[in-house]
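Q: what's the 3D shape of this:
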Amino acid sequence: MLSPSFPQRAPRGTAGRLRAWQQEALEAFFESNKRDFLVAATPGAGKTTFALTVARELKQAGEIDRIVVVCPTEHLKTQWADAAARVSIRLDPSFSNATPQLARHFHGAAVTYAQIAVKPWVHRRLVADARTLVILDEVHHGGDALSWGDAIREAYQPAARRLLLSGTPFRSDDAPIPFVEYAPDEKGLRTSVTDYDYGYARALADGVVRPVLFHVYSGHMTWRTRMGDEVEAHLGQDNTKDVTSQAWRTALDPEGEWMPAVLASADRRLTEIRHHVPDAGGLVIATDQSTARAYAELLRTITGQRPTLVLSDEVEASRRIEQFAQNTSRWMVAVRMVSEGVDVPRLAVGVYATSSSTPLFFAQAIGRFVRARRKGEAASVFLPQVPVLMALAHELEKQRDHVLDRGEKDEDGLDDSLLEAAEREESASDELLEQAFSFAPLGSVAHFDSVVFEGQQFGQLAVPGSDEEQEFIGLPGLLEPEHVHELLMQRQTRQTRHRTARETREREAGVASDLPEPLHRTLKEQRQLLNSLVGVYAHQTGDPHGQVHAWLRRICGGPAVAQATVAQLQARIDLLRRRVRS
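A: Okay, here's the model as predicted:
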């Protein structure tokens, strides 16, 4: 029987050291006195410190005798054990199914979800032998497979208390997560019930996490399909899902021009940040090991330094991550494993070079860059201009719950199965191979597209390495969140001036623009540019955006933006370019 009440006071030895949200969550945990307590806190907020404080308080109060931490990867077992040691809790990260006896000098163990799935009865015995607090880190992994969920329930049913942690609630499927409470929402769908929420928006306002700027890159792609057809498309324009997936895959090909250009731009951004934060580091998240090796070689060519390469969740990989976290080298390249739970606070620049597009993976990946260390640090993440990624970048602050009974999965703009199919090696018979082709990227060219911040886009198309791109690559390395929006507006205006001057020089010299004419002059791009300039002008004048659009129509003529021709849109753009101030 659990104690019916717990002293409502600041925990012993923690006063003044816990963040406000950690103190609130701690009080909520003990006030609720629930056996299962779910905390959803944004990556980088400090869930580990909170959970270990709970463990220490329960142990000091005599409510528990043992602590078990369950985490997604082998590397995180050591990370948890090291963190626990700092608060005088001794966890064994080497506890194994083969030798399931816990040494007497340990207070508990750190294990993985995969371990439990293999032999759940071993772990059930571990928690049944003593009053145990089980901490389920990134608990959404408990729903990775139905058999995993069953194993976790079997193993930890006898636990005295269970603390559930997640940085991204929750999964996009309908597999129930063990020990999570579900209740009907307004539509009658069973939805996860979170006992304490601490989202990115609040964490940003509290200065606990950094602001994130998404540097978005589009471009022209060419590839050969499995039918032998050569296809061209612009990454970022309105394409079918199948064309988008293949254009995306073409962009990520290390043999093309897109990835080297984006990596070079990301490295220039890292250099700018290191002027202010000398130990700032960058991370490239790759889809598979072969492309990770190729990206590492590209970075070696660009920087003259060999990056840290992390290919698998093995002891050597964990050591490399720890070394990178502690040194001042520029870049690390990894295959997905660094996307969740791994703590490298100095990461400030990321390149999202993987084809994963689920909200869960995206949020966990971005979470590697948001941990704040000092006032004014900002993170920059480089993204391909893919609709589903753009939607996720715009919704970074959106809170998500886990909904069961959903029926059809949410339409997120891109079917991951298309990407998975594109990544699989062909497995046809010799006879079919003689008649068929394999998917093959043929060429790619990158263009800077925009910067996304707080759901808004700033900037316009530019060639990598140009003055127009540099306006956004060269943002100061230290940026206060409240000043980012204003600075981006100023840089957008300066980029427009750079472009106008360049186009004038090219026109006078009779030189064609570096940007392909069809891409630059599409209605979509003209509307984006016009809306950006309207935003700048509205900010300067204080007029609403709609009023500015109405004024432009009166002066320049023509219908609303959605019906206007390229020439009509260009007339409004030219007028605003003359009016905006630097």
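
Q: list the helices and strands the helix or strand harbouring residue 297 packs on?
A: Applying DSSP states H and E as the criterion places residue 297 in helix 289-303. Secondary-structure packing of helix 289-303 (3 or more CB pairs under 8 Å, 6 or more residues apart in numbering; DSSP states H and E): helix 258-274, strand 281-286, strand 308-310, strand 331-335. (Each C-beta comes from the backbone N, C-alpha and C, glycine too.)

Q: can you do 6 Å?
A: Helix 289-303 is packed against helix 258-274, strand 281-286, strand 331-335, with contacts defined by 3 or more CB pairs under 6 Å, 6 or more residues apart in numbering; DSSP states H and E.

Q: mind listing what's buried in the shortest one?
A: The one in question is strand 331-335. Within strand 331-335, the residues scored as buried using 16 or more other CB atoms under 10 Å are 331-335.

Q: next: stretch 119-135.
A: Of all the residues in stretch 119-135, those buried under the rule 16+ other CB under 10 Å are 119-120, 122-124, 126-127, 130-135.

Q: can you tell me what sits against stretch 227-237?
A: 218-224, 239, 243, 247, 251, 385, 437, 519 (CB atoms under 6 Å, 6 or more residues apart in numbering).

Q: reformat the residues you listed as JSON lines; add distance to residue 357 and pLDDT.
A: Shown next, in JSON lines, are the contacts of stretch 227-237 (distance: CB to CB, whole Å; pLDDT from 0 to 100):
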{"residue": "218", "distance to residue 357": "17", "pLDDT": "92"}
{"residue": "219", "distance to residue 357": "18", "pLDDT": "89"}
{"residue": "220", "distance to residue 357": "21", "pLDDT": "88"}
{"residue": "221", "distance to residue 357": "17", "pLDDT": "91"}
{"residue": "222", "distance to residue 357": "22", "pLDDT": "92"}
{"residue": "223", "distance to residue 357": "19", "pLDDT": "92"}
{"residue": "224", "distance to residue 357": "23", "pLDDT": "90"}
{"residue": "239", "distance to residue 357": "15", "pLDDT": "78"}
{"residue": "243", "distance to residue 357": "15", "pLDDT": "89"}
{"residue": "247", "distance to residue 357": "13", "pLDDT": "93"}
{"residue": "251", "distance to residue 357": "14", "pLDDT": "96"}
{"residue": "385", "distance to residue 357": "13", "pLDDT": "93"}
{"residue": "437", "distance to residue 357": "26", "pLDDT": "59"}
{"residue": "519", "distance to residue 357": "23", "pLDDT": "38"}
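
Q: mind listing which of these are in strands?
A: The strands, defined by DSSP state E, take in 218-224 from the contacts of stretch 227-237.

Q: just the closest of these to residue 257, please.
A: Residue 257 has its nearest neighbour among those in residue 219, at 8.3 Å by CB to CB.

Q: for residue 59, see how far away that closest one is.
A: To residue 59, residue 219 is 55 Å away according to CB to CB, to the nearest Å.

Q: more neighbours: which of the two?
A: Using other CB atoms under 10 Å as the criterion, residue 219 and residue 59 rank with residue 219 on top: 28 against 19.

Q: returning to what we had before: and the helix holding residue 297, average pLDDT?
A: If you average the pLDDT over helix 289-303, you get 96.

Q: show me which positions of it end up buried.
A: By neighbour count on 16+ other CB under 10 Å, the buried set for helix 289-303 is 291-296, 298-299, 302-303.

Q: which residues of the stretch 1-150 of the chain score low on pLDDT?
A: Where the stretch 1-150 of the chain drops to pLDDT under 70, the residues are 1-16, 143-146.

Q: run through the helices of it in chain order.
A: Applying DSSP state H, counting those that start in this stretch to the stretch 1-150 of the chain gives helices spanning 20-32, 47-60, 74-85, 113-118, 120-128, 146-156.

Q: could you list the low-pLDDT ranges of the stretch 201-350 of the chain?
A: In the prediction, the stretch 201-350 of the chain carries residues with pLDDT under 70 at positions 313-315, 336-342.

Q: what do you get if the cut-off is 90, keeping everything else the same?
A: Along the stretch 201-350 of the chain, the model assigns pLDDT under 90 to residues 201-211, 219-220, 225-243, 288, 311-322, 335-345.

Q: hey, what's residue 380 bridged with?
A: Counting by DSSP bridges, residue 380 forms beta bridges with residue 213, residue 349.

Q: er, residue 235 actually
A: Beta-bridge pairing for residue 235 (DSSP bridges): residue 219.

Q: what's the local residue count around it?
A: Neighbours around residue 235, by other CB under 10 Å: 25.

Q: measure the spatially most central residue of the chain to residue 222 for me?
A: By CA atoms, centre = their mean, the mean C-alpha position of the chain lies nearest to residue 366, the distance being 2.3 Å. Here residue 366 is placed at a distance of 30 Å from residue 222 (CB to CB).

Q: before we move on, what about residue 578?
A: 38 Å.

Q: comparing the two, which shows the higher neighbour count?
A: residue 222 (17 against 8).

Q: for residue 351, phi and psi?
A: phi -120, psi 110 (degrees, to the nearest 10).

Q: go on, residue 372?
A: phi -90, psi 140.
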